[in-house]
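Undergrad: here's a sequence, model it:
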Amino acid sequence: MLHVVATPIGNMEDITHRAVRTLAEADLVACEDTRVTGALLKRNEISTPTISLNAANEERRIPELLKRLAAGETIALTSDAGTPTISDPGARLVNAALEAGVTVSPVPGASAFAAAVSVFGLPSDSIVFEGFLPQKKGRQKKLRALLEEDRTVVLYESPYRMRKLLDELEEYAPERFIAVGRELTKKFEEILRGSPAEIKARFADREPKGEFVVGVAPAKWRR
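TA: The predicted structure is shown next:
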């Protein structure tokens, strides 16, 4: 069996009892970064061996992992933070396992997307989750298309491109209301709400740091 195991997005207490048990009982943990997952396992006194599975090596790892699954082993799939395959590696392994007749079971838990939406205060009955925008080619076209949506749009962004995203939102949708979640569940957690210009002003004298989730309200929505 292949278990898809959600892990904390920041606060290390945000892991379920079932996730801890699954990681402990598995024969192998396939993880994005063995150092990151190793720290989580150590904290929970788990000695299960790990193997890296990331964007660079996922395709070539799949035959080896399928072989182990076919031999009857149980593998737990994790990412560095949150739920695997959600803007993280793992989807190709899950697909290959399902195609091979392997049982794949979710062990749900933390997700930056769900955590952010729950505290943004934006319409959430219908949402467009885009994850990370393209870094260069097609970025502007994609963002402009998303801004035509009549649903809340949720994006992930790195601290290195956060200023750029706010500049783009101010240019294309200056009146649009947005919400920004920074360092969710961590010590310096911050939820910011307002126009793109208002959010930009909050970073006028400091560099954006941490991981960001950005929610863009529908054009017709008003507070």
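Undergrad: and stretch 79-95, how far apart are its ends?
TA: 16 Å (C-alpha to C-alpha, to the nearest Å).
Undergrad: what do you get for stretch 116-125?
TA: Chord length of stretch 116-125, first to last residue, is 14 Å (C-alpha to C-alpha).
Undergrad: buried residues in that stretch, which are they?
TA: Across stretch 116-125, burial judged by 16 or more other C-beta atoms under 10 Å covers 116-117, 120, 122-123. Any C-beta I mention is one placed from the backbone N, CA and C, and that applies to glycine too.
Undergrad: out of these, which one sits closest to Glu190?
TA: Nearest to Glu190 among the buried residues of stretch 116-125, counting by C-beta to C-beta, is Ala116 at 11.5 Å.
Undergrad: and that closest one, that's in a helix?
TA: Yes: checked against DSSP: H, G, I helix; E, B strand; the rest coil, Ala116 lies within a helix.
Undergrad: you'd agree it is up against Leu184?
TA: Yes: with contact defined as C-beta atoms under 8 Å, Ala116 reaches Leu184; the gap is 6.2 Å.
Undergrad: so what sits against both of the two?
TA: Val213 (C-beta atoms under 8 Å, 6 or more residues apart in numbering).
Undergrad: quick check: longest helix of the protein.
TA: The helix that spans the most residues within the chain, counting by DSSP state H, is helix 58-70.
Undergrad: next, the buried residues of it.
TA: Those would be 58, 61-62, 65-66, 68-69, for helix 58-70 by 16+ other C-beta under 10 Å.
Undergrad: quick check: of the buried residues of stretch 116-125, which lies closest to Ile9?
TA: Using C-beta to C-beta, Ala116 comes nearest to Ile9 of those, at 9.7 Å.
Undergrad: OK, contacts around the residue of the chain most remote from its centre?
TA: Relative to the centre of the chain, the most outlying C-alpha is that of Ala71, 31.0 Å out, by C-alpha atoms, centre = their mean. Going by C-beta under 8 Å, 6+ apart, Ala71 touches no other residue.
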